[in-house]
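Peer 1: Sequence and predicted structure, then a few things I'm wondering about:
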Amino acid sequence: MTNSPSTAPLLDVRNLSVQFTTRGGTVTVLDDISFTLERGERISFVGESGCGKSMTALALMGLLPAMGRVSGGQVLFKGEDLTTASPARLRRLRGNEISMIFQEPMTSLNPVFTIGQQISEVLRLHRGVDNAEARDRSVELLQAVRIPDAAARVDDYPHQLSGGQRQRVMIAIALACEPEILIADEPTTALDVTVQAEIFALLRDLGAKLDTAIILITHDMGAVAQMSERMLVMYAGRRVEEGQVANVIKAPAHPYTRGLIACVPHITSDVGALVDTLPEIDGIVPPITRFGRDECLFAPRCAKAADECWSAKPQQSDIAGHSSHSVSCWHPFGTEGSR
Amino acid sequence: MKPAADSAPRRGAEIVDKAQHPLREMVVIFLANRAAMVASIVLSIVVLAAIFGPMLHPVDPFEMVWAPFTPPGQDGFVLGTDYLGRDMLAALLNGGRVSLTIGLVAALMSVFIGISFGALAGFYRGLVEEVLMRITEFFQVLPTLLFSMVIVALFGASLEVVTIAIGVVSWTAVARITRAEFLRIRELEYVTASRAAGASNVTLMTRVILPNALPPIIVQAALMVGSAILFEAGLAFLGLSDPNVVSWGQIIGSNRPYILDAGFTVTIPGLAIFVTVLSISLIGDGLNDALNPKLRAR
Amino acid sequence: MNFLRQTAVRLGYAIALLLAVVVLNFVLIHIAPGDIADTIAGDMGGATEEVMAKIRADYGLDKPFIVQLGLYMGNVVRFDFGYSFFFNTPVTSLIAERLPATLLLVFSAQLLALVVGVVLGVISAQRPNGMLSHFVTLLALFGYSAPVFWTGIMLLIGLSLMLPLFPVAGMVDARLMDAPMWRQYLDVLHHLLLPALTLASIFLALYSRLCRASMLEVLGADYIRTARAKGLTEREIVYKHALKNSLGPVVTLAGLQFSAVVSGAVLVETVFSWPGLGTLALQSILARDTPTILGILFFSALVVIVGNLLTDLVLRLIDPRIRSGGG
């Protein structure tokens, strides 16, 4: 991956590792994650539950749970290392320059405050506007996220809105201060399929208008295709593949990525095509106590596993012929190095 | 860990916890609760003292045996004497029998009434539930002590009347819990399955639903023994308990005018009540942790 | 308006409850052996059958039960609770004299228990394994397990007798009858503190534990995570976002406890010679003074019902979901 030396990326994550301290010992949850994000860029983190994609987002925001801590690496946001920033500094960034929306819109809004109050709160906090102006801005934001009859609904309580509408309110709150980065952690998983497309469209439009970079966290390959230009595949706390969405989907280099894409047969072919058996990836994710070991964690499920896969953690290598497509595998698929 | 070079892909190691028998799990959690264990020991001591104490120390608590207000430890009286010169230790031991017995029986009565109301209401729903719940709310609104006082005053202050007076007003909490559990459980699949297999309503209520509803009821029942003891103590303190027997509350009540001269006559029986009810509360807490794990699907 | 209709329903329901209380007590009192005539006869040192019959006729006790009940209910509706044979005063004025003292005790005890309980609960929820949290657990157990009259006596011994910080009995210092009003108010407060504290001790325990549990649950909720992601300080998160959501269960519990508070008040009033309905109740029960007993039962049930209604009101203020009947 090359960056032009004169413009540093908006977000530069270098060798980020996160550990949890539990009663049973220390567990590595994220192992040596690196990626960059440019202004206005849209990237997706993909992987199964438990692979660490949400944890990466929480680590960026400084919202790791009490038992977690960054054990290595740096998170450079506009040149500033967030892993060493003070809690006060992080608070000033949250909701302001880096925002996040979560998976459960039904429970992510405080039931005892109106949606207007909850949007105004973030405006008053970071922009110092007064009540009247905050309220006007809230109405504008509700209109921007396409809530009908915004002026009347601004005084509604969350329970008076549907799931899709609540998620739009969450987006309004997240984008109120025009952040540089928006992290969306499985924003549509809990919503109807019909609503999903609308939410994604909204995120794309608003993101483009505000020049906000979007990190989409998802396990849904279809969402990846809709929402992002680049994708990063994660497995067992590690990054296994990264590249332009079109490239990765057309020619996945890592066996795991290949498996993921095979699970969505119509992603590259006909939606209506008949399939005899549903493809799956054999086996299950290793227990979290095995994370971080010096071996390829996918080996137990990999048809191509060989001796070196069991004895050393795979190194990152670029795929020749595809710009900025890289993979961490001893025997990736592709034009060279495959068996 | 390495497979043979050309073997098929291994299945991921599957770690399956050996399923613990639920009863064993409950006991383990309870025993691990230190407070509950200490409380159990203390309560056992109290109960044993109440059962065997009067036999081992056969002094009549009503008999005047020495000078009044003898401090504890003096003249061979471990706990001293009260305002009439009666042996405090004997009073305490005999009082324990009365307080504990009334507490237990009254609690059992309340639990029985409460379960009946709650089960019928939760199972049959509709009009039955409406009526039963109205009655429950009625008893909730009634100040329980006042009502019991009235009952005792009207029907005489004997052990039986006092026990009934307490049991008849304290059941609303059990009824509420039972009804809630019945409402929840009756929707579960194994109930529908039993019904489809032809079980009668009575069987469903008593053999299918009730055993599964028991955990929170048991916890409440344990706590109710404690509150029944406190209740009886209150009545006795006011002079409304059986005058022919000694009970802890009664000792406090009759010695109250003399707290300036002999505070110990009031402090000691109070401590007895306190320690007993505290132990019961701690055991109740322990039972709650053991029987109602947060993991249980709600 | 939905709210008005709901309130009207609740009020109507409350009244029905009260009347049911009256009927029940009336029934009970008339089932029991013996009546006021026996008591009076006892006082007189014995009486002949004719005298007893005359007493009964005088007090209307010879009429059929239903008639007596009907007459009584009719009077109750007009706020006439009859005449106390024992005290020689109309029941209504007896109660009017004593009710304010009990109201003061009951509501200040609940308020004290709620405020202190919530504060303790909130603080200990932020450090669930800290010293304060353990203290709260201990306090809860002690307050709940000690007989309230014993707690009162212990406090009396400690803070009135050994250390003369508080008055020993009663509600007012008679010597201050001509003092300025503010001094009289302070005096009442001074007398109120120990009894209110005693009565509150039981419930403070319950409320602080529940508040802590409620706060802990709320602090784990998704919308708190959202609040953190917005960049709010811990302080704002706890006291603005979390607290309002945690109060619901505590207030609900407080409402349910009113009947227990009134019961406890009877005992506390006895210990501190507080001139309320409790002490009146004991006297009239021992004297078999039926009209007074009925009146007291009615008004104490009324206190509980009013307490419940107030609680409902407060709950509506806190939780908007209740207002529109949705969730």
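Peer 2: Everything's here; your move.
Peer 1: Go ahead and flag the most central residue of chain A.
Peer 2: In chain A, the C-alpha nearest the mean C-alpha coordinate belongs to residue A:217, at 2.8 Å (Cα atoms, centre = their mean).
Peer 1: got a list of what it touches?
Peer 2: A:44, A:45, A:53, A:54, A:56, A:57, A:183, A:184, A:185, A:186 (Cβ atoms under 8 Å, 6 or more residues apart in numbering or on different chains). C-beta coordinates here come from the backbone N, C-alpha and C atoms, glycine included.
Peer 1: of all those, which comes closest to chain C?
Peer 2: residue A:183 (8.8 Å; Cβ to the nearest Cβ).
Peer 1: re the thing from before, which strand or helix spans the residue nearest to the centre of chain A?
Peer 2: According to DSSP states H and E, residue A:217 maps onto strand A:213-218.
Peer 1: What pairs with that strand, parallel or antiparallel?
Peer 2: strand A:42-46 (parallel), strand A:181-185 (parallel) (DSSP bridges).
Peer 1: Who does the residue nearest to the centre of chain A form a beta bridge with?
Peer 2: Beta-bridge partners of residue A:217, as defined by DSSP bridges: residue A:45, residue A:185.
Peer 1: what's the pLDDT at it?
Peer 2: Looking at residue A:217, its pLDDT stands at 93.
Peer 1: swap in residue B:75?
Peer 2: At residue B:75, pLDDT is 78.
Peer 1: Residues contacting whatever helix or strand residue B:249 lives in from elsewhere in the structure, which ones?
Peer 2: Using DSSP H and E, residue B:249 falls within helix B:248-255. Defining contact as Cβ under 8 Å, 6+ apart, one finds that helix B:248-255 is touched by B:82-83, B:88, B:91-92, B:95-96, B:98-99, B:232-239, B:241, B:262, B:265-266, B:269-270, B:272-273, C:147, C:149-150, C:153.
Peer 1: residue ranges of the helices in chain B, please?
Peer 2: B:22-32, B:34-56, B:88-124, B:126-141, B:144-155, B:159-167, B:172-185, B:189-196, B:201-203, B:210-237, B:248-255, B:264-291 (DSSP state H).
Peer 1: List the buried residues in the host helix or strand of residue A:317.
Peer 2: Using DSSP H and E, residue A:317 falls within strand A:316-318. Within strand A:316-318, the residues that count as buried by 16 or more other Cβ atoms under 10 Å in any protein chain shown are A:317, A:318.
Peer 1: Any chance of JSON lines for the helices of chain B, columns mean pLDDT and mean neighbour count?
Peer 2: Formatted as JSON lines, the helices of chain B follow (pLDDT from 0 to 100; neighbours: other Cβ atoms under 10 Å in any protein chain shown):
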{"stretch": "helix B:22-32", "mean pLDDT": "74", "mean neighbour count": "13"}
{"stretch": "helix B:34-56", "mean pLDDT": "89", "mean neighbour count": "15"}
{"stretch": "helix B:88-124", "mean pLDDT": "91", "mean neighbour count": "23"}
{"stretch": "helix B:126-141", "mean pLDDT": "88", "mean neighbour count": "16"}
{"stretch": "helix B:144-155", "mean pLDDT": "87", "mean neighbour count": "24"}
{"stretch": "helix B:159-167", "mean pLDDT": "92", "mean neighbour count": "22"}
{"stretch": "helix B:172-185", "mean pLDDT": "90", "mean neighbour count": "22"}
{"stretch": "helix B:189-196", "mean pLDDT": "83", "mean neighbour count": "12"}
{"stretch": "helix B:201-203", "mean pLDDT": "83", "mean neighbour count": "11"}
{"stretch": "helix B:210-237", "mean pLDDT": "90", "mean neighbour count": "23"}
{"stretch": "helix B:248-255", "mean pLDDT": "89", "mean neighbour count": "26"}
{"stretch": "helix B:264-291", "mean pLDDT": "88", "mean neighbour count": "22"}
